[in-house]
Every structure is written in structure tokens, then in C-alpha cells.
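Trainee: Quick check, what structure comes out for this input:
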Amino acid sequence: MTTEIQSASVTRILRLPELRQRIGLANTAIYARLDPDSMYFDATFHRPVPLASSERVTTTGWVEAKEEEWLREQIERRAKRLQPMARAEVSS
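Mentor: Presented below is the predicted three-dimensional model:
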């Protein structure tokens, strides 16, 4: 049992303030990416996971590994968009 616990990876959960700070988006921008009816909807943006729920409040958080994966994808997309521009500048 102890070996299983030690070998398991730790899943870190980010609460909204930390997620905001890490990705640089405001609450409304984050939730707009989650809303399929929003013009800013992003199907690749990771959904929060429920942590606790009561009648009045649902507590959620975001899996850190998913946030990091999403950020890497954004960086890769940006790099791909900029490659044609860089080639055009070099050939000029």
C-alpha cells in the first residue's frame, strides 16, 4: 500500500485565483472559454473538476497538468502562426 502511494503521481489542483495568475486571463475570459454559447468558446480549454458541492455552493478547481498542457498547445499554435511570417521576412 505504501509503495502504491509513493509511486502515484501527485495531482495538483489550481483554484481560480491561481489559474488566473498563471494564464493571465480574467474570470470572465476563463468562463467565456468554457461556455459553448460564447464567441470566445475554446473546446481545448480544460474544464474545472468539482471538489465539493452543497446546496448553495459548488467548489471547483483546475488540474494543473491540464493547464500546463493547454498553455503548451497555445504556445505551439502561436509558433506555427508566426512561422510563415518569419519565412516571408527572410526571403524579402
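
Trainee: going forward, measure contacts between C-alpha atoms and count neighbours the same way
Mentor: Noted.

Trainee: any idea how far the spatially most central residue of the chain lies from residue 73?
Mentor: Geometric centre of the chain, nearest residue: residue 67, 3.3 Å, by CA atoms, centre = their mean. Per CA to CA, to the nearest Å, residue 67 is found 10 Å from residue 73.

Trainee: do residue 43 as well
Mentor: Computed as CA to CA, the residue 43 to residue 73 distance reads 13 Å.

Trainee: try residue 42
Mentor: Distance of residue 42 to residue 73, computed by CA to CA: 12 Å.

Trainee: so the closest residue to residue 58 other than its chain neighbours, which of the three states?
Mentor: Once flanking residues are discounted, residue 58 sits nearest to residue 52: 5.9 Å by CA to CA, 6 or more residues apart in numbering. Assigned by DSSP: H, G, I helix; E, B strand; the rest coil, the conformation of residue 52 is strand.

Trainee: low pLDDT regions in this protein?
Mentor: For the chain, the stretches with pLDDT under 70 are 1-8, 84-92.

Trainee: Now do the helices in it.
Mentor: Using DSSP state H, the helices of the chain run over 2-7, 16-23, 27-34, 64-91.
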